[in-house]
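Q: Pasting the sequence and the predicted model now:
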There are 2 protein chains.
Amino acid sequence: MSLTRSTYGERAKRHPNLAAKALLETIERKKSNLCVSVDVTSPSDFLNVIDVVDGLQNSHPSQTHVDIIEDFDPSLIDRLTNLSKKHDFLIFEDRKFADIGNTVALQYSSGVQKIASWSHITNAHPVPGPSIITGLKSVGLPLGRGLLLLAEMSTKGSLATGSYTEEAVRMARAHSDFVIGFIAQRRMEDVARDDTTSDKEDLLILTPGVGLESRGDSMGQQYRTPEEVILESGCDVIIVGRGIYGKSSDVDVQAVQAQAEKYRRAGWEAYEKRLA
Amino acid sequence: MSLTRSTYGERAKRHPNLAAKALLETIERKKSNLCVSVDVTSPSDFLNVIDVVDGLQNSHPSQTHVDIIEDFDPSLIDRLTNLSKKHDFLIFEDRKFADIGNTVALQYSSGVQKIASWSHITNAHPVPGPSIITGLKSVGLPLGRGLLLLAEMSTKGSLATGSYTEEAVRMARAHSDFVIGFIAQRRMEDVARDDTTSDKEDLLILTPGVGLESRGDSMGQQYRTPEEVILESGCDVIIVGRGIYGKSSDVDVQAVQAQAEKYRRAGWEAYEKRLA
């Protein structure tokens, strides 16, 4: 059965990577294919947004950008990890690694943030070539982590198209023990497919640039609706940021909660329609 | 006169961007086109390496990766900034920004590291499209900073080739007030050139993957010599990391100093041969 006709739960049972399995299981359990991207700079806003969106079971996983948080200290990670257990969600640090193997291995394992020690999933650009995967895998695979490659971007004028996207898919297939899928706008099973491509391949598609209303910002971001992304393009997870907590620097917890629930419902209904 | 036949000092006088001008002036003054990439994780090694290589006038600028430093705290930046004044070098944080405009603006200005407040030069991947430049420029230009685009990478299987590189060059030209050049392996004046391309364009080329001896590592990095890079390919700055301070976790200050001087001399002699 094709991936777009299978339930998240069925795919979870078959998936060999621990992080992907956990992600699919939790999506099924929480009935949420919404990933809230928490791009706020205040530590208290950061924890509040995650607490309120995940507490209501409406986001999974939570996408973080810990490198923009002011006054970051390691206790923030303890609190994030506690929330992740309390509210049953995985953490996806949207680090967009993009350096040579040796450097990304250090960036992933070391520094103030020690991303590998707490983030179940992270992502990387394929632009440096396969060494970026080798470098990250040397750190992440022993910890049961999973990596997403940025095969496409939702911004205007993105260079992640054509042969770039095809190479990203080939790189992912060559490291399918650690690469669990893509940041992309559509399914990738048919991209760069050849005789060696496994029929059992299950590379997840997580899709940013999703909005219910807004069609773009002044900085080149472009938006599509949950229905376009999940039902029409067959993607697995919608990633929503400012559509949920707005652009103001003050976070209104109740409004955030209501918006997150709206997106969760839209994403899940599009998935149910796809299965029907 | 072509850029490769002009001195750094002549180019400094003509360059409109403050960070590029300062970089070219300092290269001329220090007789060093060596940029030492300080990829160490210990704060004391980090400051020691910078102190010893820049103290002997043999490195300029210093390339940093503050995101891999353990126990990073803001005082480290104060000490780095003091060293930069004491030893007359610019700081180039090799952050390789690679996200959408709104996010990179936050990553550049905010977080624990507040890169824009202390790093004269930083770099970005062009893959998200022009919005990455717009986002970074909104923060960096008012501070007199300069940006390098990664037009090519020195790793095996890099996807930054062909039309990707051409697009990077077009993006740089469209934002030449803030983009001061490229991370690349060769000059870019003739890439994607058309009738609108200015003859006065001076986009600097900083080149990583330089080694006197080693030809590669196990993680896909490939090396060329200073003579190949500066004389044959006409690049402006050689970036050297592990070729100078080695792979061991203990940094031998005297050995680092001797290696840095060897690379500085090789880079400068290649430049003098090019002018002759």
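A: Okay, I see it. Numbering: from 1, shown residues only, chains lettered A, B, ... in the order given.

Q: quick one: the strands in chain A?
A: Under the criterion DSSP state E, chain A carries strands at the ranges A:34-38, A:62-64, A:91-97, A:121-124, A:146-150, A:179-183, A:204-207, A:237-240.

Q: ok, A:Glu10 to A:Arg186 distance?
A: To A:Arg186, A:Glu10 is 21 Å away according to Cβ to Cβ, to the nearest Å. Quick note: C-beta positions are derived from backbone N, CA and C, even for glycine.

Q: Oops, could you answer that again for A:Val256 instead?
A: 29 Å.

Q: ok, A:Glu10 and A:Arg186, which is more surrounded?
A: A count of neighbours by other Cβ atoms under 10 Å in any protein chain shown puts A:Arg186 above the other of A:Glu10 and A:Arg186, at 18 against 14.

Q: quick one, phi psi at that one?
A: With angles defined as degrees, to the nearest 10, A:Arg186 shows backbone torsions of phi -160, psi 170.

Q: A:Met188 reaches A:Leu148, doesn't it?
A: No - using Cβ atoms under 8 Å, A:Met188 is not in contact with A:Leu148, being 11.4 Å away.

Q: Can you tell me the closest non-neighbouring residue to A:Tyr223?
A: Excluding the flanking residues, the one nearest A:Tyr223 by Cβ to Cβ, 6 or more residues apart in numbering or on different chains is A:Gly211, at 3.5 Å.

Q: let me redo that: A:Leu34
A: Of all residues not flanking A:Leu34 in the chain, A:Arg264 sits nearest, at 4.5 Å (Cβ to Cβ, 6+ apart).

Q: can I assume the one you found is in contact with A:Cys35?
A: No - applying Cβ under 8 Å as the test, A:Arg264 and A:Cys35 come out as separate, 10.2 Å apart.

Q: circling back: same list (the strands of chain A) but as a markdown table, adding mean neighbour count and mean pLDDT.
A: As requested, the strands of chain A are exported to a markdown table (neighbours: other Cβ atoms under 10 Å in any protein chain shown; pLDDT from 0 to 100):
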| stretch | mean neighbour count | mean pLDDT |
| --- | --- | --- |
| strand A:34-38 | 28 | 91 |
| strand A:62-64 | 25 | 84 |
| strand A:91-97 | 24 | 95 |
| strand A:121-124 | 25 | 97 |
| strand A:146-150 | 26 | 98 |
| strand A:179-183 | 27 | 98 |
| strand A:204-207 | 26 | 97 |
| strand A:237-240 | 28 | 94 |
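
Q: what's the closest of those strands to B:Leu24?
A: Judged by Cβ to Cβ, the one of the strands of chain A that comes nearest to B:Leu24 is strand A:91-97, at 30.9 Å.

Q: who does the closest one touch, helix- and strand-wise?
A: Judged by 3 or more Cβ pairs under 8 Å, 6 or more residues apart in numbering or on different chains; DSSP states H and E, strand A:91-97 is in contact with strand A:62-64, helix A:74-86, helix A:101-109, strand A:121-124.

Q: Quick one: those as TSV, columns for distance to chain B too.
A: Formatted as TSV, the helices and strands packed on strand A:91-97 follow (distance: least, Cβ to the nearest Cβ, whole Å):
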stretch	distance to chain B
strand A:62-64	11
helix A:74-86	10
helix A:101-109	3
strand A:121-124	9
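
Q: Of all these, which one comes closest to A:Val139?
A: When the helices and strands packed on strand A:91-97 are ranked by distance to A:Val139, counting by Cβ to Cβ, first place goes to helix A:101-109 at 4.6 Å.

Q: what's the angle between the closest one and strand A:91-97?
A: Counting by axes from the mean of the first three to the mean of the last three Cα atoms, to 10 degrees, helix A:101-109 lies at 150 degrees to strand A:91-97.

Q: And helix A:101-109, what does it pack against?
A: On a contact count with 3+ Cβ pairs under 8 Å, 6+ apart, helix A:101-109 meets strand A:91-97, helix A:131-140.

Q: which outside residues touch the last one?
A: For helix A:131-140, the external contacting residues (Cβ atoms under 8 Å, 6 or more residues apart in numbering or on different chains) are A:97-105, A:108-109, A:116, A:122, A:124-126, A:145-147, A:149, A:171, A:175, A:177-179, B:155-157, B:219-221.

Q: What does A:Thr196 show for phi and psi?
A: The phi and psi torsions at A:Thr196 (degrees, to the nearest 10) take the values phi -90, psi -10.

Q: So which of the helices and strands packed on strand A:91-97 is nearest B:Leu90?
A: helix A:101-109 (20.4 Å).

Q: what does the average pLDDT come to for that closest one?
A: Average pLDDT, helix A:101-109: 94.

Q: What are the contacting residues of that helix?
A: So helix A:101-109 is in contact with A:95, A:97-99, A:115-117, A:122, A:124, A:128, A:131-132, A:134-136, A:138-140, B:39, B:41, B:65, B:67-68, B:155, B:217, B:219-221, B:242, going by Cβ under 8 Å, 6+ apart.

Q: Please apply the same query to stretch A:176-183.
A: A:15-17, A:19-20, A:23, A:121, A:123, A:133, A:136-137, A:140-141, A:145-153, A:168-169, A:171-172, A:188, A:198, A:201, A:203-208, A:236, A:239.

Q: can you check stretch A:74-94 too?
A: The list of residues contacting stretch A:74-94 from outside it, by Cβ under 8 Å, 6+ apart, reads A:19, A:22-23, A:26, A:29-30, A:35, A:37, A:43, A:46-47, A:50-51, A:54-55, A:57, A:59-66, A:69, A:112-115, A:117-123, A:148, A:206, B:99.

Q: go with 7 Å
A: The contact list for stretch A:74-94, computed with Cβ atoms under 7 Å, 6 or more residues apart in numbering or on different chains, reads A:22-23, A:26, A:30, A:35, A:37, A:43, A:47, A:50-51, A:54-55, A:59-66, A:69, A:115, A:118-123.

Q: Need the buried ones from these selected in ChimeraX.
A: To isolate the buried ones among the contacts of stretch A:74-94 in ChimeraX, judged by 16 or more other Cβ atoms under 10 Å in any protein chain shown, type:
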select /A:22,23,26,30,35,37,43,47,50,51,54,59,60,61,62,63,64,65,66,69,115,118,119,120,121,122,123
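
Q: residues contacting A:Pro208?
A: Contacts of A:Pro208 (Cβ under 7 Å, 6+ apart): A:Ser154, A:Ile183, A:Ile239.

Q: Out of these, the closest to A:Arg274 would be?
A: Checking those against A:Arg274 with Cβ to Cβ, the nearest one is A:Ile239 at 17.8 Å.

Q: For the closest one, name its beta-bridge partners.
A: For A:Ile239, the beta-bridge partners are A:Cys35 (DSSP bridges).

Q: Tell me which of the helices and strands packed on helix A:101-109 sits nearest to A:Arg193.
A: Ranking the helices and strands packed on helix A:101-109 by proximity to A:Arg193 (Cβ to Cβ) places helix A:131-140 first, at 19.6 Å.

Q: Contact residues of the stretch 101-250 of chain A facing chain B?
A: By Cβ under 7 Å from any Cβ of the partner chain, the residues of the stretch 101-250 of chain A that approach chain B are A:101-103, A:106-107, A:110-112, A:125-131, A:134-135, A:153, A:155-160, A:164, A:167, A:217, A:219-221.
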